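K.L.:
Predicted coordinates and the sequence they were generated for:
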Amino acid sequence: MPINYYIFLSLAVFCIGIIGVLTRRNSIIIFMCVELMLNAANLLLVAFSKMHHLVLGTNFPTLASEAQVFVFFIMVVAAAEVSVGLAIIVMLYRNTHSVDVNFLNRLKN
Amino acid sequence: MNNLQIVWLIPFLPLIGFLINGLGRKSLSKTLSGIIGSGVILGSFILSVWVFLQVKNGNTYVAHYYDFINLPSLKIGFDFQIDQLSSLFLLIITGVGFLIHVYSTSYMHEEESKDFAKYFSYLNLFIFSMLLLVMGGNYIIMFIGWEGVGLCSYLLIGFWFKNNDYNNAAKKAFIMNRIGDLGFLLAVFWLIAKVGTADYHVVFENVHKLSVTDITGITMLLFVGATGKSAQIPLYTWLPDAMAGPTPVSALIHAATMVTAGIYMIARSNLLFTMAPATQTVVAIVGLATAILAATIALKQNDIKKVLAYSTVSQLGYMFLGLGVGAYTGAVFHVMTHAFFKALLFLGAGSVIHAMSGEQDIRNMGGLKKYMSVTHVTFLLGCLAIAGMPPFSGFFSKDEILAAAFANNPVLWGVGVLGALMTAFYMFRLYAMTFLGKFRGTHDQEHHLHESPAAITIPLIILAILAVVGGWVGIPEVFIHGGHRLEAFLDPIFAGSKAITTQHEMSHTTEYALMAVSVGGALVALLYAWNKFSKYEKSTTEDSSIGKILANKWYVDELYETIIVKPMQSLAGFLNNTVERKGIDGFVNGIGKAVNYGSRQIRFLQSGQVGTYILLMVVGILIMFIIQFLSK
Amino acid sequence: MGIAAILFWFLSALTIGGAIMVVASKNPVYSILYLIITFFAISGHYVLMNAQFLAIVNIIVYAGAIMVLFLFVVMLMNLNAESEPPQKKRYLFFAGVVAGCSLMLVLVAALKSSSSQIQLVQMGSGDVGLISNLGKVLFTDYVFPFEISSVLFLSAMIGAVVISKKEVVHPE
Amino acid sequence: MNAIILTAIWGIVMMFGGVFFKSKSTPKYWAIAGLVLVFLSNGYELLNGVPFFEIDVKNMLHFNSFNLTFIAVALFCTLLFFLLNGRDIEKVGENVSEYFALLFFVLCGVAIAASFNSLLTLFLGIEILSIPLYILTGSDKRNLKSNEAALKYFLMGSFSTGIMLMGIAFIYGGNSNGSFLIDNINLGEGVMPPMIAVGLVFLLIAMSFKVSAAPFHFWTPDVYDGAPTVFTSFMATIVKAAGFIAFIRLFDNAFGKTQAQWQTLIVVITAATLLIGNLTAVFQQSVKRMLAYSSIAQAGFMLLAIFALNDYAKEGLILYTAAYSLATIGIFAILIKMSDYTIDGFNGLAKQYPAIAVCATVFLLSLTGIPLTAGFQSKFYMLLAAIKNGQQNWLVIFAVLMAAVSAYYYFKIIQAMFFKEDNQQAGAPAIMVEKLTPAFTYLLYFTALLIVVLGLFPNLLTTWLYY
Amino acid sequence: MFGNYITIPHLLIFVPLIAGLIAFLIKDESKVKAWSLFAAIVTLGVSVAGIYFSKNNDLSGLTFGYEWLKYLGASFAVSLDGVGRILTLLTGLSFPIIFIATNNSSYKNPHLFYGLMLLSLAGLMGVFVATDCLLFYFFWELALIPVYFLCSRWGGEKRIQATFKFFIYTFAGSLLMLIGIIYTYLQTGPTAFAPHSFALSAFQNVLLQPAQQQWLFWLFFVAFAIKMPIFPFHTWQPDTYEQSPTAVTMVLSGIMVKMGLFGVIRWLLPIFPAAVLQYDNIVIGLCVIGIIYASLIAIRQDDLKRLVAYSSIAHIGLMCASLFSAKQLAIEGVMIQMFNHGINIIGLWIVIELIERQLGIRKISQLGGIANKAPILTISLVVIALANIALPLTNSFIGEFLMFAGLYQFNVWYTVVAGISIILAAIYTLNMVQKVFYGEVNTLTVATQEIAFSEKAILAVIIVAIFLVGLFPQPLLQLTNESVAFLLTKLK
């Protein structure tokens, strides 16, 4: 597969994620769209890893694994973020009984 | 060391007098301040006489005291130049000045003692400044005196400072003088730029190196200075107003000395003016125009001092005419005689006013002859002198100027004679209305009428004698061979000018004829006025239109008010209210307001909604990418 | 078109379709389910590229743990299509779509001329993505980041505790 | 290295301490003690160049005098912050020990972000630094403002994480070495390949977000405003400073040679940040919110270092972070004690607390950049660096004009303190919520003095860069 | 004096600095007044000693540069040259006069007031002696801060806005100058320790292209123009003068405006000669416009302080124009006029302060007839006012004469237009004298009393200074001869 296909696929997912963030008001869904963006990056990284492996793999067999390890760490971070994020959303929901991001706008101007 | 080095004492004595009277004005008694005030002038006078004797034989001396300014590109010494011209002026200033001081001790006696002392301190300061003016060895020192006399004139005109009209007059005098001063200063700058110095002798030595433009420019500017100080068109209007000051002040400053500073300055710079024929023409024309204009105004004035003031302006005009036609000696001569008879007339007027308890309107006088004989006689002599009746002093000096004018251009002479006729007319109108006929004042005033005390009459008598005989030092050649002693005396000063001008030799017949015409005309005018106004009655009839214009001084004050003062005031107001407040400050504040406004608007970006924030961020990201990739 | 290509296109379509449905679904629960589908599709891509370890982790961690957590929260809050906050301001909606699409456009334009378009991705072969290899790398070269990410988890843990402990609410 | 390990360990200590500590004020002392320890160990490393712990990080971290100095500054400022505001942290909620633990974790993240040498450690560092902050922002659970701030911060923060990862992915894909190490990314001076360029822009945007540069600053005012004030103080200073250090390290070491190709972006960002930060701050009535905007404005000035990328820029950035952090911590420490956060709340402060007012003045003058304060020296260095760079001199002029605008809002507080009368009505609340302890006051003096000393002798700090 | 380590310029800075810090601790009003007067007199003594001990005119003569920011090429280098001496003398002389003249005014929190006054004294001295550009900038700003506090704390009703405008305005200007300083600094050559140098000598020897000079010139000029102030940067000034406590107004108008002129002399003319020669017409044109503009506006002012403020703008405009004419006479005139203007305007403020303190008003339209009640006050004012409009034998005449003479050599028409201000100055001054002092007393001024002995004494000092310089200007001119010569060699 040419790398461009993966690039454009990832970009598509990434942009869909962004559109989701922009158009939805449910904070959980916005968060999910952010996860979509992260996954786009993951996919891209893996694709690049395999691309580099194709070129460099013969001389540096472990080189391309870096990106895959990176993806692993992204997943780690995502998990941590999710736990914190959901905790915050839940806290908010307990206080306001809403998950609408626009429900609270005491802070402005 | 030349013993003339001590001439510094001449101005120093009045300065001492000023300081003593000024600082001790609360403790000094009137007598003491009078004695100090007059005494220092007497001292200066005696020194002046001595100086006169020293330079009589053609000596000149420059006394250098210290370096006033000493820069690589400009050296100005604190120098006094003692020569024939300055010594002559010294005599006039200190001599007439002394008489007027003596006169003042009596005239000002009703003032409180501290005001009395203040008055004398001002007078002394004036003498000091005037002496600096004439003694200065360069234009800078002259300018110091030049502005100094302006200041003293300001102080003395506004001596009674509670009266706002007097203050306005004082202010007007100072400001108009300053306009002239600006011209003077610019001339000095020009000189410094071209010659690199302001010393008289260096300037005159280097005068040939200057271009015609330079000389014309410099002399024109100097003449502007002279018009301010010597009350010529267009800056003459302050002088009549200056009559607000005490009468002896008018006599000293506004008749005898300060106003002649312009003539002194031009006479001093005669070489420059001689080399600038264009300027000379202007000087002559302006002088003559002033002489006529002031004379016409004087015809219809009713204030005794105003008449004298306009006559002063008119006589100064004659002097400038003399300067303009190259008759420097004549001009200086006229300065001298004018100092005598005009001081006399002013002091006489003061005596009258004193007797009339402050009344100055001649329509309310009349018949004073029988109450104040000394004043009357001396005043009459003064009038004859100014009217140019032979053999009184005015005849000789005025005749010399007119003769020179004729030699230059007969038209100048013709107009000059016309002015002389008017002079005779208004002076005798004044004389007749004051001293002849019957008294027109209130009963109260009549009761008070009395001859003035000796301190007033003695100066009058001395001045009257001078007014009669003063002209004899300049009896022209036509009468006595070698008669013009003054011309011989002043020859070292004007020799340079004479050397480069062509002398118009007139036949004696012509001279006699000219004299006859002017004297005859003046006599007719004199007798007509005498006859007409000795029977003057108060009447309420309106003046004719031309009379009204004359009585209102050709509306020149109003004209100035309209074309200069008012526009300047409204321009200032416009600048203050519109340009400054709304324009410049408005712009500066506008920046502040714009920042505030921008702040108020830009904060709405911060809408508080995450959606909007992220949208804006995405737009930002878009912009970043567009800049990075599509802007090339 | 080989099998790999067919799979690639299928999985890509699934990924994008799932992603679009995540955004478009009214009901949050559907969104989550579509997201899981997307994740599975991405895992499929990983498998396709022989990144087996990531494929598994992605399914276990993302599709499994994380998404279940999401689902749990949504269920807990009893969110459904009715309770979904509507996007009242239409222009914001369009602005969002337009902005996202423009970004896509700009990025594609920027990368279109990329010299790497000829570069190929190694499909199906290559052993870097195998568990054994990655494990080795992770515990040798990447032991420091691995350890330090524990700090991340610790703070997330503390955070979850701190945040979730019940306290009385006094608005404002 | 010492700092990273020890802060992590001490964070765990504090975490477990929560179980054992009986008194509410105990954690504070432990935290201070731990921080002193970390500070000293970091100092040891700075002086000797050898860490206590020999760990092979495979070149993913790189320690030099620059980042060790910065870590020292950050630790010192945190210490000062603990000392000044320890009591206020206790007041935020019940989990005091946990707050301190989180703060230590943030410090760990700061240390990593300051010393990263690989995109992976950069990413991890920034995440370690961010996630505890999301929590701290929301730690005042009873306050809806705090909740809102936490949500906003979290959503936008994770959004920016996505951006950053995308950038990292493109950078990785674009460079043919197949490595995340900064040294390997280091490009020649040629034209960047499009993929690198795209990645660079993404990274630039993500870093701009972290340092709250416009137009990616939107989270800053709301989060700073909503978060408990003590934590705002911490976030606005040390964390932001770490962001800048990471920023300049990344862009200097990885992309420094291609600067000409992306300088326009940084110019636009800098100008926008200066403009928006300063302009919006002018209108603010709440001092806390005003300081939030002012932190954006100050970020604009610090961005000049990224714009310049030379030795002056690095020296200056260290100085700037120190000066800015000290002054901001100081002014926040005072603000926390105020009963009214609006500018009017400061009215008449000088009358009742003259010494405090003088300290506050020093802080504000430093923020404005008046000579004799550290703020001047740091601004001076920034200008020096930017002018030395030689490009776009208009930006420098714009920056100083905006500095003049900043004087406008900083001096509003000074005016309130010194020239306005306090509310004299009976029953009006006191200016300060509580009586100030002598220790607090003396520490405040010390901070002010430090600012002045740094203002006179900035080399006391910058000299460490060449140690 | 104290060896090489503490020289007179150092003392000039540190004596008032330390005295000011001590003054903060003296709470008793009379004691702090006495202390600050003492400190000011000591400073005056030092500045007089500075004139006495530093005969040679090169800037390295009394220089001792402490290592300060060595690695930046900045040092704590201070020195006294001719310009510095004349301005430190003015500053030294002014403060005792100000303290004595305002001795009867009482201020809230006197220790703060006098402490800040002494600090501003230290700042001003620093500006005048610094021979290191960074140090100069330091003091340039530092002089401003105490004055800001003084004005805002003890000023009139609208003090806060007015002072704030003043502060922001000057701050913006100085920041622009800072850019210029840094840019120039980066063009200087390396020193032993640093790649560039802030030393005055380095700045003076820096090689700048005309194109560089052109914009650097404006960066510096705007800062100085705001400080002086030059039309159209002047609008902060009348408001600030009006609102400040009079003692501070004296400092502002008497000395602080000289900072701008000093900056031009020390830092603008020698460093950017090409640009100076290129832009001299623009600058002088602005100055000349300003002279006439300010004089005309002064005619319309009703507030005494504003009137003096506008007259000051006019006078400073002339000085600035003269500086840029680059003619020997003109610059000599500026040197001496800086001193004279300081003395005169402080004298004017003292009189205004005395009136305001007695009557609580300073509107010209409300005053009148004071001469009846307080002749000494009147005479003093008339003398000082006349000196202010450059009457011969007063000090200003020398300065203005030389300036006009020099300006004339530069361009006739500028001189003619600027010369009109001589007339306008007479108009507004005499108007003011007439309306305030002459005429009859009114209900508001009937309570006027003659001034106290100490005030008489201080006015006498000023008047003596006026006439002394007016009669014997040469010693003062001598003081700056070589500075001017140096400046001219730079401007060739």
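P.N.:
In hand now; what should we look at? Numbering: from 1, shown residues only, chains lettered A, B, ... in the order given.
K.L.:
any idea which helix is longest in chain D?
P.N.:
Ranked by residue count, the top helix of chain D under DSSP state H comes out as helix D:144-174.
K.L.:
what does chain A give?
P.N.:
Max-length helix for chain A by DSSP H is helix A:65-96.
K.L.:
thinking again about what came up before, the longest helix of chain D and chain C in contact?
P.N.:
Yes. On the criterion Cβ under 8 Å from any Cβ of the partner chain, helix D:144-174 is in touch with chain C at D:144, D:145, D:150, D:173, D:174. C-betas here are computed from N, CA, C, even on glycine.
K.L.:
for chain B, what spans make up the strands?
P.N.:
Using DSSP state E, the strands found in chain B span residues B:61-71, B:74-82.
K.L.:
Any chance of those strands in JSON lines with mean pLDDT as columns?
P.N.:
Listed next are these as JSON lines, based on pLDDT from 0 to 100:
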{"stretch": "strand B:61-71", "mean pLDDT": "88"}
{"stretch": "strand B:74-82", "mean pLDDT": "89"}
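K.L.:
Most tightly packed of those?
P.N.:
Counting by mean count of other Cβ atoms under 10 Å in any protein chain shown, strand B:74-82 has the highest mean neighbour count of the strands of chain B, with a mean of 22.
K.L.:
Show me the contact partners of the worst-scoring helix or strand of chain C on mean pLDDT.
P.N.:
None of the helices or strands of chain C scores lower by mean pLDDT, DSSP states H and E than helix C:131-140, at a mean of 87. Contact partners of helix C:131-140, identified using Cβ atoms under 8 Å, 6 or more residues apart in numbering or on different chains, comprise A:62, A:65, A:66, A:68, A:69, A:72, C:52, C:53, C:56, C:127, C:128, C:146.
K.L.:
Which one of the residues of helix D:144-174 next to chain C is nearest to residue E:176?
P.N.:
Checking those against residue E:176 with Cβ to Cβ, the nearest one is residue D:145 at 40.4 Å.
K.L.:
Now for that closest one, how many residues are close by?
P.N.:
As a burial measure, residue D:145 scores 18 neighbours (other Cβ atoms under 10 Å in any protein chain shown).
K.L.:
and it, how far is that from residue A:107?
P.N.:
6 Å (Cβ to Cβ, to the nearest Å).
K.L.:
Please identify every residue contacting each of the two.
P.N.:
Residues touching both residue D:145 and residue A:107 by Cβ under 8 Å, 6+ apart: D:225, D:226.
K.L.:
Nearest spatial neighbour of whatever residue of chain C ends up closest to chain D, chain-adjacent residues omitted?
P.N.:
Nearest residue of chain C to chain D (Cβ to the nearest Cβ) works out as residue C:159 at 3.5 Å. Of all residues not flanking residue C:159 in the chain, residue D:135 sits nearest, at 3.5 Å (Cβ to Cβ, 6 or more residues apart in numbering or on different chains).
K.L.:
what about stretch D:442-461, near chain E?
P.N.:
Yes. Using Cβ under 8 Å from any Cβ, stretch D:442-461 reaches chain E at D:457, D:458, D:459.
K.L.:
Correct me if wrong: the second one contacts residue D:319.
P.N.:
Yes. With contact defined as Cβ atoms under 8 Å, residue D:458 reaches residue D:319; the gap is 5.4 Å.
K.L.:
Which residues are in contact with each of these two?
P.N.:
With contacts taken as Cβ under 8 Å, 6+ apart, the residues that reach both residue D:458 and residue D:319 are D:374, D:377, D:378, D:381.
K.L.:
Quick check: which element contains residue C:22?
P.N.:
For residue C:22, the element it lies in under DSSP states H and E is helix C:3-24.
K.L.:
What's the first helix or strand after that helix?
P.N.:
Defined by DSSP H and E, the subsequent element after helix C:3-24 is helix C:28-48.
K.L.:
Between helix C:3-24 and that next one, find me the angle.
P.N.:
If you take axes from the mean of the first three to the mean of the last three Cα atoms, to 10 degrees, helix C:28-48 sits at 160 degrees to helix C:3-24.
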